[in-house]
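sequence plus the predicted model coming up.
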Amino acid sequence: HRRPAAASLDHVLVGSAPGGRQLTAFVPVDTGRALAVRLHQALYATREAIDYERATGGMDAFDGAVEAGVSRELTEAVVALVRGTEGARIAVEWAPGAGVPEGCAAQAEAVEFSPGDLPVLRAAGARYLREEPAMPVRITGSVVRMRRSGPRGEGTVRMQVIAGAEVGHVRMTLDEESYRIAGHAHLVGLPVRVHGRLESRGGFRRLTGASGVVPVQVDEAERDRLMKSLQENLDFFEEACSGED
């Protein structure tokens, strides 16, 4: 959801106080209130999950905090905010003319994070990454690398994603026929579309159960770009065709 998230910030006005110790973000009520409410709830849930871990030694509270909006990206953002400082204090104030959102307090206490929270936040981020569920996707992309151990059989393909998932590259294992289709599509400058389940393994994306590989028609400008990519990666395809490891 990186692109829609970035687009939602287009109308947010950010300013800093003299000395740079305070940063204020003004969010439009009509388009940004739901975002502000969710962030407000997620920060509180993060604080509570950290306190729970410190009291019990367990990370279970971070599982339940997902429903409040806590995520790996949020834990990483808080780490980036706090790292190298004596701490960070985050407060939310509601526009008087718009009133207080449903379910929120009129005078909410600020949420505070300290450098002592960083180990727990990093552990929570790693936990979210490790436990991230696989999801079914239909991805369109251009093949940038192919490799298999012999002249026949299944092979591994690395693909640059054009559409279907908010990731840059995925790797997948294809059967002999799908591998052949992917190779031919790339050689004529066409991307391919493939179905599968997107998984995160150690931070690297992998498509499992890949099937239904078909070439996709593109306009001339995109075709030229893909052909240029072929020339830049020609050595990879020579390896794939020769069957070298």
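In hand now; what should we look at?

helices and strands around the longest helix along the chain, which ones?
Scanning the chain for the longest helix, with DSSP state H as the assignment, gives helix 29-56. Where contact means 3 or more CB pairs under 8 Å, 6 or more residues apart in numbering; DSSP states H and E, helix 29-56 is packed against helix 60-65, helix 72-82, strand 111-113, helix 118-131. Just so you know, the C-beta spots here come from the backbone N, C-alpha and C atoms, and that holds for glycine as well.

so what touches the longest one?
In this structure, residues lying in contact with helix 118-131 by CB atoms under 8 Å, 6 or more residues apart in numbering are 46, 49-50, 53-54, 59, 62, 70-72, 75-76, 78-79, 82-83, 113, 200, 202-203.

the first one now?
The list of residues contacting helix 60-65 from outside it, by CB under 8 Å, 6+ apart, reads Ala42, Ala45, Thr46, Glu48, Ala49, Tyr52, Glu53, Val70, Ala124, Arg127, Tyr128.

low-confidence ranges in the protein?
1, 201-204, 218-245 (pLDDT under 70).

in it, which spans are strands?
Secondary structure of the chain (DSSP state E): strands located at 13-16, 23-26, 88-90, 111-113, 135-147, 155-163, 169-174, 192-201, 204-215.

and Asp60, how many neighbours does it have?
By the criterion of other CB atoms under 10 Å, Asp60 has 11 neighbours.

hmm, I typed the wrong one, I wanted Val111.
Using other CB under 10 Å, Val111 has 19 neighbouring residues.

quick one, what contacts it?
Residues in contact with Val111 (CB under 8 Å, 6+ apart) are Leu43, Tyr44, Thr46, Arg47, Arg89, Ile90, Ala91.
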